[in-house]
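**Q** Predicted model and sequence follow; I will ask about them next.
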Amino acid sequence: MTLDRAVMIFAGCVVLLGVVLSLTIHPWWIALTAFAGLNMIQAGFTGFCPAAIMFRAMGVRPGTAFK
């Protein structure tokens with residue numbers, strides 16, 4: 001698995017978790033989904049992604065987007 005795929009899978013899991021928690025626990029959990037979306041937009045413009053740094057430190061091999 002490459003770093004790009006790991007980041008996309010992680011982002012998708014965070015979005016789905018936020019939706020499920022907002023539907024089952026409390027509506028304010030939708031803020032988690034909003035945070036994930038804003039972070040993806042920010043990473044698209046700047047190339048800085050905290051999740052990519054974390055996965056790189058765990059030894060996931062680099063892909064083409066996050067080097």
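**A** Received, thanks.
**Q** most centrally placed residue in the protein?
**A** For the chain, the residue nearest the mean C-alpha position is residue 11 (2.8 Å; C-alpha atoms, centre = their mean).
**Q** who touches it in this structure?
**A** Shown in contact with residue 11 (C-beta atoms under 8 Å, 6 or more residues apart in numbering): 36, 39-40, 51. To be clear about C-beta, it is placed using only N, CA and C from the backbone, and glycine gets the same treatment.
**Q** how about a cut-off of 6 Å?
**A** 36, 40 (C-beta atoms under 6 Å, 6 or more residues apart in numbering).
**Q** could you list every residue that touches residue 3?
**A** The neighbours of residue 3, taking C-beta under 6 Å, 6+ apart as the test, are 52, 55, 60, 62-63, 66.
**Q** wait, which of the residues you listed is closest to residue 20?
**A** Nearest to residue 20 among the contacts of residue 3 is residue 55, at 23.0 Å by C-beta to C-beta.
**Q** Confirm for me that that closest one is in contact with residue 5.
**A** No. Taking C-beta atoms under 6 Å as the definition, residue 55 is not a contact partner of residue 5, at 9.7 Å.
**Q** For residue 43, which non-adjacent residue is closest in space?
**A** Leaving aside its sequence neighbours, residue 43 sits nearest to residue 49 (C-beta to C-beta, 6 or more residues apart in numbering; 4.1 Å).
**Q** For residue 64, the count of nearby residues, please.
**A** Residue crowding around residue 64 was assessed by other C-beta atoms under 10 Å; the count is 8.
**Q** so what pLDDT did residue 38 get?
**A** Listed pLDDT for residue 38 reads 96.
**Q** now the helix or strand harbouring it: how far from the chain's centre is it?
**A** Residue 38 is part of helix 30-46 when elements are defined by DSSP states H and E. Remark: helix 30-46 is offset 8 Å from the chain centroid, using C-alpha atoms, centre = their mean, to the nearest Å.
**Q** Alpha carbons of that helix, as PDB, please.
**A** Taking Å, rounded to 0.1, in the frame of the first residue of the first chain, the C-alpha atoms of helix 30-46 are listed here in PDB:
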ATOM      1  CA  ILE A  30     -20.700  16.200  11.900                       C
ATOM      2  CA  ALA A  31     -18.000  18.600  12.700                       C
ATOM      3  CA  LEU A  32     -15.500  15.700  12.400                       C
ATOM      4  CA  THR A  33     -16.600  15.200   8.800                       C
ATOM      5  CA  ALA A  34     -16.300  19.000   8.200                       C
ATOM      6  CA  PHE A  35     -12.800  18.900   9.700                       C
ATOM      7  CA  ALA A  36     -11.800  16.000   7.500                       C
ATOM      8  CA  GLY A  37     -13.100  17.800   4.400                       C
ATOM      9  CA  LEU A  38     -11.300  21.100   5.200                       C
ATOM     10  CA  ASN A  39      -8.100  19.200   5.900                       C
ATOM     11  CA  MET A  40      -8.400  17.500   2.500                       C
ATOM     12  CA  ILE A  41      -8.900  20.800   0.800                       C
ATOM     13  CA  GLN A  42      -6.000  22.400   2.600                       C
ATOM     14  CA  ALA A  43      -3.700  19.400   1.700                       C
ATOM     15  CA  GLY A  44      -4.700  19.800  -1.900                       C
ATOM     16  CA  PHE A  45      -3.600  23.400  -2.000                       C
ATOM     17  CA  THR A  46      -0.500  23.200   0.200                       C
END
